[in-house]
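Asks: generate a structure from the sequence data that follows.
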Amino acid sequence: MNTAARPSLNGLSEIFSFFRTNTTPIYFVSPVPFSLLGIDRWVKNIEFINYFDSFDRHHPRCFVPHLSGWRDFMSMEEVGNFLLGHKEVVDHIKATGPGKVMLVMFDEESEQLVRELGCEMALPPDVLRRRIDSKIETTRLGNEAGVASAPNTMGRAKTYAELLTLAQGANLGTDLVVQTPYGDSGRTTFFVKSEADWEKYADKMEDEELKVMRYIRHMPGTLEACATRHGTLVGPMMMDITGFEELTPYKGGWCGNDVFPGALPPERRDKVRKMAQALGDRLWKEGYKGVFCVDFLIDTDTGEVYLGELNPRISGASPPTNLITSMYGGVPLFLFHLLEFMDVDYTIDLDAVQARWVEFDTWSQLVLKQSEDKVELITRAPASGIWKLNPDGSIRFDRFATDFTEVVGEDEGFYMRVYGAAEYRYKGADMGILFTRGRMQTDDRELTERAKIWARGILAQFEGVPPAPHVPVVPPDPFEGKMF
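Replies: As a prediction, the model looks like this:
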């Protein structure tokens with residue numbers, strides 16, 4: 001498009017009008033629609049193309065191709081590429097028209113499939129995203145932006161003695177946290193206090209460049225931000241919910257977030273926001289634009305704030321971020337991601353937009369995984385929609401709903417199903433996600449009784465039978481196969 005012909009939007013009113021009347025098809029291709037649920041209230045012509053039929057074909061903006069048989073997907077990239085190449089999806093996009101495509105996780109094959117559809121990615125290129133996704137590169141970019149990680153050094157080690165030499169050179173002690181460059185932190189972060197610990201994980205570390213950190217007692221949190229041409233916008237800070245056996249079989253595995261105004265005292269909140277802004281501005285210089293997720297650590301002994309990890313993509317923090325920024329601030333953060341890819345110019349008072357997101361209510365999301373180490377064919381599954389807590393501690397389905405904005409009180413929760421009837425469940429499978437008002441974790445990081453009741457109640461709605469002997473069902477790696 002000729003640059004001179006690009007629309008120019010001035011302020012929020014014109015931005016809102018632009019998206020309300022948008023004529024460019026926007027496709028979010030993902031196993032489930034959860035990450036961007038509710039954005040369709042703001043953006044015309046956005047559509048969710050999904051593998052799992054979470055809403056039993058009742059969501060007006062969800063397109064799910066007809067599927068049959070078990071597929072052994074090992075990653076979200078594989079699911080996305082399967083959808084992009086599926087004949088029904090291809091025919092649907094050709095009939096609707098070329099436009100913009102977004103995925104949570106993607107690769108070079110995804111980019112090629114999008115080009116073949118005559119569409120454009122509304123995301124930074126895979127080669128850039130993959131480089132930035134390295135924990136080593138994140139640390140380097142953070143250092144350049146003045147955003148410190150926990151005390152660390154980087155290098156290689158073939159033996160425990162070599163690891164100690166690395167650590168001693170940076171005065172890190174012997175109680176160490178070691179990370180390899182890529183992958184979910186649940187399987188690429190290793191706690192090494194002895195040679196026995198090293199030997200336990202050596203095969204995963206000895207051939208990799210390592211980030212070696214001093215172990216600190218910490219409180220983990222996360223936020224979503226958006227790097228734009230005008231600067232970086234930062235969403236609300238939320239505290240991570242991790243490792244509870246009622247929600248996940250994996251120690252340290254992410255299983256939700258609490259979002260509440262008092263999560264951090266004002267001075268730490270300001271420091272985290274400035275940290276995210278500095279990191280986003282540095283990413284922009286690298287050519288990255290749009291949303292990214294920042295994990296931060298609060299040292300509980302010193303109060304120091306450190307950069308944890310960077311996830312350069314739409315993430316698990318996106319749903320609560322867009323809920324808070326739209327419901328309480330009148331504009332979802334994700335609109336600014338789209339603006340960077342929609343062939344428009346725009347001007348905006350960034351400080352004024354940021355100020356809209358200061359005050360908000362308390363919300364939580366819980367990711368519900370199967371904890372039992374068994375494979376079953378699901379014969380009954382709970383419906384997506386609004387569920388209610390009964391006075392006796394049981395739960396019941398109350399009404400159909402398509403997103404979490406319809407939750408009224410703390411006795412209600414919006415549940416979105418992933419695996420349904422006639423699909424297979426296995427240890428570590430994401431069975432669904434629950435969104436509700438109020439906190440699900442205490443100040444000392446214990447799961448609340450209400451959270452336990454919700455988890456038990458939803459998971460009890462599933463029933464299943466063992467797979468037929470002739471059906472080969474191989475559960476994917478739990479981290480590679482996650483659906484959010």
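Asks: every contact and neighbour count from this point should use C-alpha atoms.
Replies: Noted.
Asks: which residue packs closest to residue 437, ignoring adjacent ones?
Replies: Taking CA to CA, 6 or more residues apart in numbering as the measure, residue 437 lies nearest to residue 363, with 4.3 Å between them; neighbours along the chain are not counted.
Asks: what's around the one you found, how many residues?
Replies: When counting by other CA atoms under 10 Å, one arrives at 21 neighbours for residue 363.
Asks: would you map the strands across the stretch 101-250 of the chain?
Replies: Taking DSSP state E, counting those that start in this stretch, the strands of the stretch 101-250 of the chain run over residues 120-121, 152-155, 176-179, 189-192, 210-214, 218-228, 231-234, 238-242.
Asks: neighbouring contacts of the first one?
Replies: It refers to strand 120-121. The list of residues contacting strand 120-121 from outside it, by CA atoms under 8 Å, 6 or more residues apart in numbering, reads 99, 100, 101, 102, 111, 114.
Asks: about what we covered before: beta partners of the residue nearest to residue 437?
Replies: Residue 363 forms beta bridges with residue 259, residue 437, as assigned by DSSP bridges.
Asks: which residues touch it?
Replies: Contact analysis of residue 363 by CA under 8 Å, 6+ apart lists 258, 259, 260, 320, 435, 436, 437, 438, 439.
Asks: now pLDDT too, for the contacts of strand 120-121, in CSV please.
Replies: Formatted as CSV, these follow (pLDDT from 0 to 100):
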residue, pLDDT
99, 98
100, 98
101, 98
102, 98
111, 98
114, 98
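Asks: need the max-distance pair from those residues.
Replies: 99 and 111 (13.5 Å; CA to CA).
Asks: neighbour-wise, which of those two wins?
Replies: A direct count of neighbours by other CA under 10 Å for residue 99 and residue 111 places residue 99 higher, at 22 against 18.
Asks: go ahead and confirm that one touches residue 23.
Replies: No: the pair residue 99 and residue 23 fails to qualify as a contact (CA atoms under 8 Å) at a distance of 9.2 Å.
Asks: tell me, how many residues neighbour residue 301?
Replies: A count of nearby residues for residue 301, using other CA under 10 Å, gives 9.
Asks: and residue 232, by the same measure?
Replies: With neighbours defined by other CA under 10 Å, the count for residue 232 comes to 28.
Asks: wait, doesn't it sit right on residue 277?
Replies: Yes: Residue 232 sits in contact with residue 277 when judged by CA under 8 Å, with a separation of 5.1 Å.
Asks: which residues are in contact with each of the two?
Replies: By CA under 8 Å, 6+ apart, residue 232 and residue 277 have these common neighbours: residue 225.
Asks: mind listing what residue 329 touches?
Replies: Applying CA under 8 Å, 6+ apart as the definition, the contact partners of residue 329 turn out to be 356, 357, 358, 359.
Asks: dump the residues you listed to CSV, plus pLDDT.
Replies: Below are those laid out as CSV (pLDDT from 0 to 100):
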residue, pLDDT
356, 95
357, 95
358, 92
359, 92
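Asks: in PyMOL, how would I select the buried members of these?
Replies: In PyMOL, the members of the contacts of residue 329 classed as buried (16 or more other CA atoms under 10 Å) are selected with the following command:
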select buried, resi 357
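Asks: turn the contacts of residue 329 into JSON lines, including secondary structure and distance to residue 465.
Replies: Written out in JSON lines, the entries for the contacts of residue 329 read as follows (DSSP: H, G, I helix; E, B strand; the rest coil; distance: CA to CA, whole Å):
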{"residue": "356", "secondary structure": "coil", "distance to residue 465": "50"}
{"residue": "357", "secondary structure": "coil", "distance to residue 465": "47"}
{"residue": "358", "secondary structure": "coil", "distance to residue 465": "48"}
{"residue": "359", "secondary structure": "coil", "distance to residue 465": "47"}
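Asks: and the furthest pair within the contacts of residue 329?
Replies: The largest distance within these, taken as CA to CA, falls between 356 and 359 and amounts to 7.6 Å.
Asks: and for the two, which residues touch both?
Replies: Residues within reach of residue 356 and of residue 359 at once, by CA under 8 Å, 6+ apart, are 328, 329.
Asks: residue 245 contacts residue 371, correct?
Replies: Yes: look at residue 245 against residue 371 with CA under 8 Å: they come within range, at 7.4 Å.
Asks: list only buried entries from the contacts of residue 363.
Replies: With neighbours counted by 16+ other CA under 10 Å, these contain buried members at 258, 259, 260, 320, 435, 436, 437, 438, 439.
Asks: surely the fifth one touches residue 404?
Replies: Looking back up the chat, that one is residue 435. Yes: taking CA under 8 Å as the contact criterion, residue 435 and residue 404 are neighbours in contact, 6.3 Å apart.
Asks: shared neighbours, the two?
Replies: With CA under 8 Å, 6+ apart applied, the overlap between the contact sets of residue 435 and residue 404 consists of 413, 414.
Asks: where do the domain boundaries of this structure fall?
Replies: Dividing the chain into domains by automatic domain parsing, as the record does, gives the ranges 12-128, 151-214, 217-355, 363-465.
Asks: dump the ones you listed into CSV; add distance to residue 140 as well.
Replies: As requested, the domains of the chain are exported to CSV (distance: least, CA to CA, whole Å):
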stretch, distance to residue 140
domain 12-128, 15
domain 151-214, 10
domain 217-355, 11
domain 363-465, 31
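Asks: lowest confidence element among the helices and strands of this structure?
Replies: Among the secondary structure pieces of the chain, namely its helices and strands, helix 185-188 has the lowest mean (mean pLDDT, DSSP states H and E), a mean of 64.
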